[in-house]
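**Student:** Structure, please.
(2 chains)
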Amino acid sequence: MPLDLALPRISLDADFWSLRFVDERVAGHEVRKNVPLPLSRSSDRGVMATVYAGGGYGYAATPDLSAAGLTAALERAAEWARATAPRALFDTRSLPRPAPRGDYASPSLDAPEPSPRDWYDLLMAESTAAAIDPRIVDWSTGVEVRHATHRLVTSEGGDVVQRFRMVLPGIAVLAHANGDAQTRTLNGYRGICQQGGPEILARFGFAGSGRRIAEEALELVLAPNCPSGTMDVLLAPDQMIMQIHESIGHPLELDRILGDERNFAGTSFVTPDMFGSYRYGSDLLDITFDPTRAEELASYAFDDEGTRAARTHLIRRGILERPLGGAISQARAGLPGVANARADNWNRPPIDRMANLNLEPGDSTFDEMVGRIGRGVYMQTNASWSIDDSRNKFQFGCERGVLIEDGRLAGVVKNPNYRGISASFWRSLAAVGDASTVQVLGTPYCGKGEPSQIIWVGHASPACVFTGVDVFGGEA
Amino acid sequence: MAAADARGVAANAEERFRDAIAAIESALAPGERYTATASGEATDFARMNRGKVRQAGSVAQHTLSVRLVRGSRHATHALAMSGDAAADRAAIADAVGGLRAVLPDLEDDPHLLLPERVENSRLERAGELPPAEAVVDGILAAAHGLDLVGIYAAGPMWRGFANSEGQRNWHATTTFNLEWSLYDRTDKAVKSAYAGFAWERDDFLARMARARERLALVARPAKALVPGRYRAYLAPSALDEIAGLLGWGGFSARALETRQSPLARMLAGVRLDPRVSIDEDTAGGVAPAFQAEGFARPDRVALVRDGALVGALTSPRTAREFSLAANGANADEMPEALSMAGGDLGADDALAALDTGLWIGNLWYTNYSDRPACRITGMTRFATFWVERGRIVAPVDVLRFDDTLYRMLGSNLEALTRETELMLSAECYASRAMSSVRVPGALVRELAFTL
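**Tutor:** Numbers count the residues shown, from 1 in each chain, chains lettered A, B, ... in the order given. Below you'll find the predicted structure:
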């Protein structure tokens, strides 16, 4: 099994080749309306062969890990490289040929985890606690556990093994009354997703949250609509992560800037000349690419092209410094980047992705941020997201709003929405929460690429205040 | 992959599924039942940018999913098949053994529903595809001098089902899907698609010629519109985006029963325009006629008739939970062949009927801004034009709309085109999709734009 053992001898007429093995096991447990859903398991294993030959780039993915299977995949990849070399977008002969050596393991990787029965008992307890009222019409609790081993071997002698364990717990409750329906979740759908073990649930207070989430759903369905108008907003970390993801992360992806994604995920309002001088946000805005935060979902030591990963500022004191671009994109654009060439599985090639993209904490306490707002809304937990293909005009909706009047939290409102334009919105960042307001969250569902990929990304953010925002509620 | 190779790959996949079934059955203990699905593909992908090849390659994959059932306890394991017969047999035995070990720890499932009768089926539709490298050469040659970006995906795909009652289903097709955009500048572009079972060079060239013509319109100076309410025509490729969003829970029987469907208010009598009728039209699509739990999918399930909600997509689990009749829906109760009926406006007359307003070629990134009210927001994208007196004047800068479906396809619907367009899904997250949408164009009296 090549994930553990020496590879067979590879003989290939090519400038460079790599083999990227992925072995992933997933177990899903869910309880819905106090009924356990059947256990769902998966085990997936395969290899991506990548070849540079004659200036071209080819790949071939196969689940056949035998010596014959590896050879066939490399040869097919080489055929593609040679066949498309005359029409290649760039000459692979000028690309770096990585030879990475090292390994990585998630925190508490081998610590024991609950048995299926223990997981279901925990989920059932929270489910039962959520059934507090006949107006609670649907609810679920769940946890998914992923184990993955990635191994990258290159023709230059590179050999990297990275082992991950990810845990993704969730609670969602739906209340229905007076013709309206409102959903409340524990930090969003799969918003809690970290590397590690069962300690992740304790970190987010999972046990005991079922009833609280249900109470908040009930409160929401009876609450008035969010008011409309231009006002300040205080965004909780479980909304900030989507604001960062959509209007900083995606527009800074270098492959989008280079045009690769224009047929599908879109382009970017950011252009190469902006790096080093463009004011992306106020002085309070510091954005880092940080693969070193152990518990964060997309921490790793090397990306899928073999570039060593390191914490790097992308935006410092509001000024744009560098894009999210892996080694190939860096070579194409002539710009520095980060180690973010990633593939979501063995069957897809690496492209520029977010990994851990974080907004660094400031020095405001939560109470200070509320206290500075005369009229505004505190918005929690993303519920809706939409942004244009250049990643500029956005609109977000949240699960829960709390009015802020004269520096005090004043009452819950439903359907809080706001909209703006990335290029100006971040300049209205007026306060950044301190470390006590930070949550380390993320999403396992970032979609992009042709062929398409859904990858896991981490986001850590404090709560933040933005001024003069266009806020509105639901349909009257 | 050439046509003969594709047929060989599909035949081999069917044989591997038969082997897997034998391995499962030999691993069963007395009192155990199973269901199994196979899903796979052998696809050539070529990604293009700026009229060149960005990344090209091939992906082969075959996944077996086995559900072990004892009484009303059950659990499922999906596993990648390597193609090595002995190794795959061992992996299947391990998976079945692992499921057997865990079943005693699980509860009885009160919502388990298995097919009561055996309904076998077999469909194989071979495609006529030239080698992918040759197709890509032809695409880029036709785009000489143009800023083309897009993807070509082609090859065989298959789905299979089997259970311990002897039911066997197989569905294999060989298709291609090309989606490409021609860019004039920044975000000003024309998007096109060509998909099917046989690559016809002349058909492709005709589509490329139409895209070039439209690109000339996109090249005009853009018009920036202020937010407001504008008369609008949604081309089928734009209405497809709305249909896709509604597919996420809109027609789900479970979502309707629990009032979380964005169409839940239609249960209380709220209606769309009487000219709106929507079906799940399996017979008219490309999806298999069976779902993953072995239930046959009817040729047609009526969802909206004359503007009223008349049906829903009901999975076996929902059927048992809410005492409904299952109708072949998948576990997520998402449509795989949504079809909206046409109206009486000739597509060629749409510009004239629009008169003055927005001709919207594509929408993008739709989501709900108020789900219970079915209020939808999203962006215009690609070829979207300002039209005056039935003539295209200028491309427009992207606009955000935010309006309810009940106005768009209800009180503000002026006409639907007679012609409908069948669009095969190009989606390929994890694997290539086997689904389609058929919609007309829609002329809307006014649509609210907010940004």
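
**Student:** contacting residues around the residue nearest to residue A:295 when sequence neighbours are not counted?
**Tutor:** Leaving out its chain neighbours, the residue that sits closest to residue A:295 by CB to CB, 6 or more residues apart in numbering or on different chains is residue A:194, at 4.8 Å. In this view, the C-beta of every residue, glycine as well, is placed from N, C-alpha and C. Residues near residue A:194 by CB atoms under 8 Å, 6 or more residues apart in numbering or on different chains: A:166-167, A:200, A:203, A:295-297, A:440, A:442, A:458.

**Student:** at 6 Å instead, please
**Tutor:** A:200, A:295, A:297 (CB atoms under 6 Å, 6 or more residues apart in numbering or on different chains).

**Student:** Mind splitting chain B into its structural domains?
**Tutor:** Here the domain parsing of chain B from automatic domain parsing is B:3-218, B:228-449.

**Student:** From the structure, what's the count of residues near the residue in the stretch 201-350 of chain B positioned nearest to chain A?
**Tutor:** For the stretch 201-350 of chain B, the residue closest to chain A is residue B:258, as judged by CB to the nearest CB, at 4.0 Å. If you count neighbours by other CB atoms under 10 Å in any protein chain shown, residue B:258 ends up with 21.

**Student:** With the one 4 residues further on instead?
**Tutor:** Using other CB under 10 Å, the number of residues around residue B:262 comes to 25.

**Student:** Is it in a helix, a strand, or coil?
**Tutor:** Secondary structure state of residue B:262, per DSSP: H, G, I helix; E, B strand; the rest coil, is coil.

**Student:** about what we covered before: quick one: the residue nearest to residue A:295 from residue B:19, how far?
**Tutor:** Remark: distance between residue A:194 and residue B:19 (CB to CB, to the nearest Å) = 40 Å.

**Student:** and for stretch B:105-113, what are the contacting residues?
**Tutor:** A:36, A:38, A:116-117, B:72-73, B:316-317, B:319-321.

**Student:** one more time with 7 Å, if that's ok
**Tutor:** Applying CB atoms under 7 Å, 6 or more residues apart in numbering or on different chains, the contact partners of stretch B:105-113 are A:35-36, A:38-39, A:115-117, B:71-75, B:316-317, B:319-321, B:326.

**Student:** correct me, but residue A:292 touches residue A:311?
**Tutor:** Yes. Contact criterion CB atoms under 7 Å: residue A:292 and residue A:311 qualify, at 5.1 Å.

**Student:** ok and the residue in the stretch 301-450 of chain A nearest chain B?
**Tutor:** residue A:450 (3.9 Å).

**Student:** show me what contacts the residue nearest to that residue when sequence neighbours are not counted?
**Tutor:** Among residues not flanking residue A:450 along the chain, residue B:151 sits closest, at 3.9 Å (CB to CB, 6+ apart). Counting by CB under 7 Å, 6+ apart, residue B:151 makes contact with A:263, A:450-451, B:45-48, B:179.

**Student:** Ok, residue A:123 next?
**Tutor:** Contacts of residue A:123 by CB under 7 Å, 6+ apart are A:29, A:31, A:141-143.

**Student:** hang on, the earlier thing: now, which of the contacts of stretch B:105-113 lie within helices?
**Tutor:** Among those, the ones falling in helices (DSSP state H) are A:116-117, B:316-317, B:319-321.

**Student:** Make a markdown table out of those and add pLDDT and distance to residue A:128.
**Tutor:** Output for those, formatted as a markdown table (pLDDT from 0 to 100; distance: CB to CB, whole Å):
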| residue | pLDDT | distance to residue A:128 |
| --- | --- | --- |
| A:116 | 97 | 18 |
| A:117 | 97 | 16 |
| B:316 | 98 | 26 |
| B:317 | 98 | 21 |
| B:319 | 98 | 25 |
| B:320 | 98 | 21 |
| B:321 | 98 | 18 |
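
**Student:** ok, back up a step: give me the subset of the contacts of residue B:151 lying in strands.
**Tutor:** Mapping the contacts of residue B:151 onto strands (DSSP state E) picks out B:45-48, B:179.

**Student:** Out of the ones in helices among the contacts of stretch B:105-113, which end up buried?
**Tutor:** In the ones in helices among the contacts of stretch B:105-113, burial by neighbour count holds for A:116, B:316-317, B:319, B:321, counting by 16 or more other CB atoms under 10 Å in any protein chain shown.

**Student:** picking up where we left off before, of the ones in helices among the contacts of stretch B:105-113, which is the nearest to residue A:190?
**Tutor:** Nearest to residue A:190 out of the ones in helices among the contacts of stretch B:105-113 is residue A:116 (CB to CB; 19.9 Å).

**Student:** so the closest one makes contact with residue A:37?
**Tutor:** No. Between residue A:116 and residue A:37 there is no contact under CB under 7 Å: 11.9 Å.

**Student:** hey, what's in contact with both of those two?
**Tutor:** Shared contacts of residue A:116 and residue A:37, defined by CB under 7 Å, 6+ apart, are absent.

**Student:** one step back: which member of the contacts of residue A:194 is positioned nearest chain B?
**Tutor:** Using CB to the nearest CB, the contacts of residue A:194 come closest to chain B at residue A:297, 18.5 Å.

**Student:** Surely the closest one and residue A:191 touch.
**Tutor:** No. The criterion here is CB under 7 Å, and residue A:297 misses it with residue A:191 at 10.5 Å.

**Student:** So which of the two has more stuff around it?
**Tutor:** residue A:297 (28 against 24).

**Student:** Tell me how far that one lies from residue A:193.
**Tutor:** Residue A:297 is 5 Å from residue A:193, by CB to CB.

**Student:** burial count for residue 405?
**Tutor:** By default, I'm working from chain A. Residues near residue A:405, counting by other CB under 10 Å: 12.

**Student:** oops, I was thinking of chain B
**Tutor:** Residue B:405 has 23 nearby residues by other CB under 10 Å.

**Student:** Same question for the one 5 residues further on.
**Tutor:** Applying other CB under 10 Å, we find 17 other residues in the vicinity of residue B:410.

**Student:** give me the number of residues near the residue nearest to it when sequence neighbours are not counted?
**Tutor:** The spatially closest residue to residue B:410, leaving aside those adjacent along the chain, is residue B:272, at 4.8 Å (CB to CB, 6+ apart). If you count neighbours by other CB under 10 Å, residue B:272 ends up with 24.

**Student:** Could you pull out the helices in chain B for me?
**Tutor:** B:3-27, B:85-102, B:132-142, B:201-218, B:236-247, B:253-257, B:316-322, B:350-354, B:405-406.

**Student:** rank those by pLDDT, which is bottom?
**Tutor:** When the helices of chain B are compared by mean pLDDT, helix B:3-27 comes last with a mean of 89.

**Student:** Which residues does it contact?
**Tutor:** If you take CB under 7 Å, 6+ apart as the criterion, helix B:3-27 is touched by B:34, B:36, B:38, B:40, B:42, B:62, B:64, B:66, B:81, B:85, B:88-89, B:92-93, B:96, B:124, B:126-129, B:155-156, B:158, B:160, B:162, B:170, B:172, B:174.

**Student:** Would you agree residue A:186 is in contact with residue A:210?
**Tutor:** No. Contact criterion CB under 7 Å: residue A:186 and residue A:210 do not qualify, at 8.8 Å.

**Student:** And for residue B:356, the neighbour number?
**Tutor:** Applying other CB under 10 Å, I find that residue B:356 has 13 neighbouring residues.

**Student:** how about it, what does it touch?
**Tutor:** Neighbouring residues of residue B:356 by CB under 7 Å, 6+ apart: B:231, B:387-389.
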